[in-house]
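>>> Fold the following and give me the result.
(one chain, ligands or ions: 1)
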Amino acid sequence: MTAPKRKVAILLSGRGSNMIALVEAAREPACPYEVVLVASDKPEAPGIAWAAAQGIATWTLSPKGIGKPAYEAALDAALRHAQAETIALAGYMRLVSDTFVAAWRGRIINIHPSLLPKYKGLDTHARAIAAGDAVAGCSVHVVTEELDGGEVLGQAEVAVLPGDTPDTLAARVLAVEHRLYARTLAEFVAR
Ligand code: GRF
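Below is the predicted model:
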């Protein structure tokens, strides 16, 4: 008998390339998780259209006009309706509230495009280049009340090359994000 798969919901705001990597990894029979919901604060996010076309359940709501507490309450209800056990943030460009973190304590993870604890927040690649770093990368971490501050679950490194721009470095990091996130999420749900 195979173990039941852990139910994962993915939150995104944009193109969703990390979400796609997680969904594709979940198609492997041995993958310990399944994607039960892809949700977004941006109804027009390309990642939502992709997920819907795959037949994955999707949920969207814009917080504009209703405010963050009402938005997050509706999101929470959608996650519980989908029976989500773990939430994977994948380019979700909204700060989650302390209330939301507390409700899902230890069950929300995120991928961040830097080698944490370096470069929390935005513009990570530009900051790594400006600092003259030889190595950049990405981190998967547990989401807590502190921005990009929870336990680091896994990291992957890439070289910063002469002539790199934030865009060329971002593209090199993104390729390793996809592998790191799928592997780390699988380890996280199994632990
Ligand atoms: C990635 O660089 C991720 O590290 C960051 O936001 C970006 C999302 O890209 N949190 P995508 O939507 O997964 O393509």
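
>>> Around the ligand, pick out the residues from this protein.
Proximity of the chain to the ligand (C-beta under 6 Å from any ligand atom) is limited to residues 12, 14-18, 90-91, 111-113, 138, 174, 177. Yep, even glycine has a C-beta here, placed from its N, CA and C like the rest.

>>> List the beta-bridge partners for the residue nearest to Gly106 when sequence neighbours are not counted.
Spatial nearest neighbour of Gly106, chain neighbours left out: Val142 (6.4 Å); criterion: C-beta to C-beta, 6 or more residues apart in numbering. With DSSP bridges applied, Val142 shows beta-bridge pairing to Ile109.

>>> Show me the strands in the protein, by range?
For the chain, applying DSSP state E gives strands covering 6-12, 33-40, 58-60, 86-89, 108-112, 135-142, 152-159.

>>> packing partners for the first one?
The reference is to strand 6-12. With contacts taken as 3 or more C-beta pairs under 8 Å, 6 or more residues apart in numbering; DSSP states H and E, strand 6-12 sits against helix 17-26, strand 33-40, helix 46-53, strand 86-89, helix 166-190.

>>> Tabulate these (JSON lines), appending mean neighbour count and mean pLDDT.
Supplementary listing: the helices and strands packed on strand 6-12 in JSON lines, determined by neighbours: other C-beta atoms under 10 Å; pLDDT from 0 to 100:
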{"stretch": "helix 17-26", "mean neighbour count": "21", "mean pLDDT": "98"}
{"stretch": "strand 33-40", "mean neighbour count": "23", "mean pLDDT": "98"}
{"stretch": "helix 46-53", "mean neighbour count": "18", "mean pLDDT": "98"}
{"stretch": "strand 86-89", "mean neighbour count": "24", "mean pLDDT": "98"}
{"stretch": "helix 166-190", "mean neighbour count": "18", "mean pLDDT": "98"}
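
>>> so which of these gets nearest Tyr71?
Among those, strand 33-40 comes nearest to Tyr71, with 11.0 Å by C-beta to C-beta.

>>> on that earlier part again, okay if I get the helices and strands packed on strand 6-12 as CSV plus distance to Leu95?
CSV is the format used below for those (distance: least, C-beta to C-beta, whole Å):
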stretch, distance to Leu95
helix 17-26, 18
strand 33-40, 15
helix 46-53, 19
strand 86-89, 11
helix 166-190, 20
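
>>> Would you confirm that Ala57 contacts Leu37?
Yes. Taking contact to mean C-beta atoms under 8 Å, the distance of 5.0 Å between Ala57 and Leu37 places them in contact.

>>> Quickly list what's touching both of those two.
With contacts defined as C-beta atoms under 8 Å, 6 or more residues apart in numbering, the residues shared by Ala57 and Leu37 are Ala82.
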